[in-house]
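>>> pasting the sequence and the predicted coordinates here, then a few questions.
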2 protein chains.
Amino acid sequence: MTIQEYLQEKAAWIETALDKVLPRATQKPHVVHEAMRYSCLGGGKRLRAILAMAACRSVGGQEKDALGYALALEMIHAYSLVHDDLPAMDDDDYRRGKLTSHKVYGEGMAVLVGDALLTQAMEQLAKLPEFYPVTLPTASRLMLAVTQAIGTKGMIGGQVLDLVHSGKQVNKDELETIHRLKTGALIAVSLTGGAMIGGAKTDELAALVRFSENFGLAFQITDDILDVVGDAEVLGKATGADAKQQKATYPGLYGLDESRSMAARCVNDCVASLKHLSGDTWALQELARYVLERDR
Amino acid sequence: MTIQEYLQEKAAWIETALDKVLPRATQKPHVVHEAMRYSCLGGGKRLRAILAMAACRSVGGQEKDALGYALALEMIHAYSLVHDDLPAMDDDDYRRGKLTSHKVYGEGMAVLVGDALLTQAMEQLAKLPEFYPVTLPTASRLMLAVTQAIGTKGMIGGQVLDLVHSGKQVNKDELETIHRLKTGALIAVSLTGGAMIGGAKTDELAALVRFSENFGLAFQITDDILDVVGDAEVLGKATGADAKQQKATYPGLYGLDESRSMAARCVNDCVASLKHLSGDTWALQELARYVLERDR
């Protein structure tokens, strides 16, 4: 199996399972359920979900054991995008090649749709022991780890800094802090949470934290590079948005060539940290390498 | 002790404990922590928190056992108000006599502050077994009950319906559905959750659900009445807002006198349901009666 086939297969699992756990659009109030499905289904790389499942395997578990957890991560990611796209935040009209939630359903509804996706994600976490091989103590640890990763000392903190610095010059340290919090924290808990479900030992969790730091940074650097050199049609969103908004980016600070070298060094460090894991690390290794080659 | 003294004492407990669990404004990113404290501290009736603690006592537990749970409820309530006050929603400038969050911190930040309060509430629920006499299975039940109460089939669902019907005529059934979801669902889980912590039996939970239905309705009716006849200074917000926004209200549909009778009948039904509880129901009984007499 190639990594592309692996990604396709796992993304299809996620799509099918999300379709099942999200409320039907026929349930009342229709509009919010329709809007939740609009923002959560039919696209996206499902990166966080796949990292969780691959991490579960990398410590000796099976991908499907982390599937329920992975769904919660994708709902959280979708919620963060819906709120991030709002006119009062990044003011984006397109996402994954589709109109953003507030463009379709209005601003007030988009606020509620984000709230609903976050709430549904928490309900999904609370239900894990009922539907997946996740013990009550593990579910409790996951809930704590996730809420801390997406709170003001994690993802929301990164969004706050991004908002505060929007339109202003930021230096290298500020830029790295923003990315570490805004993107890195959820990626880290995707990996460590999936590994907890797989029965990871303490040193395995530590290795995955190092993996996630380098992975997150490599991912952000390539994201910035794609905003400069990517194909808007393949990406499903307009390129050049960062420059237009005067956002600090790696290519802006270091140039394209040095940015590419930085990303490659991160990926090497990723692969190095995998030797501490007891299970099958093929997927995580390929995923790290894939970051450098991706075009969307 | 009079009910006023009880309410004051318990509100002070909540204020002190919230001050301790909310991140300090000196922690980074400062602005979001300052804004969370602005929206969560220094006011409010703490009704949901007090109901949770009183319900815990009403089945044989102690108020302080439900204090940690009560904090989560107040954070959730504060989050719902911050988002509800946004320009894209109710567009309110004042709340509890203070400028609303988006007026002070801007619209984008207010979205994030609401998100952060909801997330912090979930973290608080996940931490209950660590700091309070709440077992892991009870904490798991609470998490599920709360997320369902505040999701699209509960509080968010009510906000969605409110938004969809805003500026339109609604009939009696629609009005009751909106209130039952928007306000009633969180009040119900405040009572049942507090009672779960107190070790409630199934029939006690059922009695508290009936109590909450009548209590929630009485509370909403008096809220609507106060918007017509209340004192803006005592209420801490402008009166007449419902009429201005052409919102459907009980006085609007039934007149003031019939609305007052309806509220009184609800309170009698509240008191009647308390006879099924095994603990000290004094506070719940007085709280129900207090709804009729309140001026804010």
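Looks like it arrived, so ask away.
>>> any idea how many residues pack against A:Ala12?
Other residues lying near A:Ala12 total 11 when counted by other C-beta atoms under 10 Å in any protein chain shown. Any C-beta I mention is one placed from the backbone N, CA and C, and that applies to glycine too.
>>> repeat that for the one 5 residues further on.
In terms of burial, A:Ala17 registers 17 neighbours under the definition other C-beta under 10 Å.
>>> contacts only, for it.
Applying C-beta atoms under 8 Å, 6 or more residues apart in numbering or on different chains, one finds that A:Ala17 lies in contact with A:Leu67, A:Gly68, A:Leu71.
>>> separation between the nearest residue to A:Met53 once chain neighbours are set aside and chain B?
Excluding the flanking residues, the one nearest A:Met53 by C-beta to C-beta, 6 or more residues apart in numbering or on different chains is A:Glu63, at 3.9 Å. Counting by C-beta to the nearest C-beta, to the nearest Å, the separation of A:Glu63 from chain B is 25 Å.
>>> wait, A:Glu63 sits on A:Lys10?
Yes: counting by C-beta atoms under 8 Å, A:Glu63 touches A:Lys10, with 6.9 Å between them.
>>> okay, which residue is most central for chain A?
Central residue of chain A (C-alpha atoms, centre = their mean): A:Arg48, 4.3 Å from the mean position.
>>> report pLDDT for that one.
pLDDT recorded at A:Arg48 is 97.
>>> was I right about it contacting A:Ala72?
No: under the criterion of C-beta under 8 Å, A:Arg48 is not in contact with A:Ala72, lying 9.6 Å apart.
>>> buried set for the helix or strand harbouring A:Ala139?
According to DSSP states H and E, A:Ala139 maps onto helix A:136-149. Using 16 or more other C-beta atoms under 10 Å in any protein chain shown as the burial criterion, the residues of helix A:136-149 that qualify are A:Thr138, A:Ala139, A:Ser140, A:Arg141, A:Leu142, A:Met143, A:Leu144, A:Ala145, A:Val146, A:Thr147, A:Gln148, A:Ala149.
>>> I'd like the next helix or strand past it.
Counting by DSSP H and E, the element after helix A:136-149 in chain order, helix or strand, is helix A:155-165.
>>> quick one on the thing from earlier: contacting residues for the residue nearest to the centre of chain A?
A:Ala70, A:Leu73, A:Glu74, A:Ile76, A:His77, A:Leu186, A:Ile187, A:Ser190.
>>> quick one, what contacts A:Gln124?
A:Gln124 touches A:Val21, A:Gly68, A:Leu71, A:Ala72, A:Met75, counting by C-beta under 8 Å, 6+ apart.
>>> looking at this, it is in a strand?
No: with DSSP: H, G, I helix; E, B strand; the rest coil as the criterion, A:Gln124 is helix rather than part of a strand.
>>> run a quick neighbour tally on A:Thr202.
With other C-beta under 10 Å as criterion, A:Thr202 counts 7.
>>> quick check: phi and psi at A:Pro23.
A:Pro23 adopts backbone torsions of phi -60, psi 140, taken as degrees, to the nearest 10.
>>> how about the one 3 residues further on?
Summarising the backbone geometry of A:Thr26 under the convention degrees, to the nearest 10, its torsions are phi -80, psi -10.
>>> any common contacting residues for A:Glu63 and A:Lys10?
Shared contacts of A:Glu63 and A:Lys10, counting by C-beta under 8 Å, 6+ apart, come down to A:Met53.
>>> pLDDT wise, what is A:Pro243 at?
Not Pro; residue A:243 is Ala. 69.
>>> just how off-centre is whatever helix or strand the residue nearest to the centre of chain A lives in within its chain?
If you go by DSSP H and E, A:Arg48 is part of helix A:47-58. Its chain's C-alpha centre and that of helix A:47-58 lie 11 Å apart, by C-alpha atoms, centre = their mean, to the nearest Å.
>>> can you list the residues of the stretch 101-250 of chain A near chain B?
Taking C-beta under 8 Å from any C-beta of the partner chain as the contact definition, the stretch 101-250 of chain A meets chain B at A:106-109, A:111-112, A:114-116, A:118-120, A:122-123, A:125-127, A:129, A:136-137, A:139-140, A:143-144, A:147-148, A:150-153, A:156-157, A:159-161, A:163-164.
>>> just the strands in chain A please.
Assigned by DSSP state E, the strands in chain A fall at A:94-95, A:98-99.
>>> Serialize these to a markdown table and add fields for mean neighbour count and distance to A:Ala264.
Shown next, in a markdown table, are the strands of chain A (neighbours: other C-beta atoms under 10 Å in any protein chain shown; distance: least, C-beta to C-beta, whole Å):
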| stretch | mean neighbour count | distance to A:Ala264 |
| --- | --- | --- |
| strand A:94-95 | 18 | 28 |
| strand A:98-99 | 14 | 32 |
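>>> least reliable of those going by mean pLDDT?
Mean pLDDT is lowest for strand A:94-95 out of these, coming in at a mean of 90.
>>> what pairs with it, parallel or antiparallel?
The strands that strand A:94-95 pairs with in its sheet are strand A:98-99 (antiparallel) (by DSSP bridges).
>>> show me what the partner strand is in contact with.
For strand A:98-99, the external contacting residues (C-beta under 8 Å, 6+ apart) are A:Tyr38, A:Gly42, A:Gly43, A:Asp93, A:Gly236.
>>> min pLDDT across those, which one?
For pLDDT, the smallest value among the contacts of strand A:98-99 belongs to A:Gly236: 70.
>>> isn't it up against A:Gly44?
No: counting by C-beta under 8 Å, A:Gly236 stays clear of A:Gly44, with 9.3 Å between them.
>>> what about those two, which has more around it?
The residue with more neighbours, out of A:Gly236 and A:Gly44, is A:Gly44; 21 against 15, by other C-beta under 10 Å.
>>> how close does the closest residue to that one other than its chain neighbours get to chain B?
Residue nearest to A:Gly44 in three dimensions, not counting chain neighbours: A:Arg96, with 5.9 Å by C-beta to C-beta, 6+ apart. Distance, A:Arg96 to chain B, by C-beta to the nearest C-beta: 21 Å.
>>> A:Leu191 too?
A:Leu191 sits 19 Å away from chain B, going by C-beta to the nearest C-beta.
>>> coming back round to it: quick one: which of the contacts of A:Arg48 sit in helices?
Using DSSP state H, the subset of these located in helices is A:Ala70, A:Leu73, A:Glu74, A:Ile76, A:His77, A:Leu186, A:Ile187, A:Ser190.
>>> most neighbours among the residues you listed, which one is it?
A:Ser190 (32 neighbours).
>>> surely that residue and A:Ala52 touch.
Yes: counting by C-beta under 8 Å, A:Ala52 is a contact partner of A:Ser190 at 4.6 Å.
>>> and for those two, which residues touch both?
With contacts taken as C-beta under 8 Å, 6+ apart, A:Ser190 and A:Ala52 have A:Ala70, A:Leu73 as neighbours in common.
>>> please enumerate the helices of the stretch 101-250 of chain A.
Assigned by DSSP state H, counting those that start in this stretch, the helices in the stretch 101-250 of chain A fall at A:101-105, A:107-131, A:136-149, A:155-165, A:172-179, A:185-197, A:202-229, A:232-235, A:241-244, A:250-254.
>>> need those in a markdown table with distance to A:Ile14, can you?
What follows is the helices of the stretch 101-250 of chain A, written out as a markdown table (distance: least, C-beta to C-beta, whole Å):
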| stretch | distance to A:Ile14 |
| --- | --- |
| helix A:101-105 | 19 |
| helix A:107-131 | 13 |
| helix A:136-149 | 17 |
| helix A:155-165 | 20 |
| helix A:172-179 | 24 |
| helix A:185-197 | 12 |
| helix A:202-229 | 18 |
| helix A:232-235 | 20 |
| helix A:241-244 | 26 |
| helix A:250-254 | 29 |
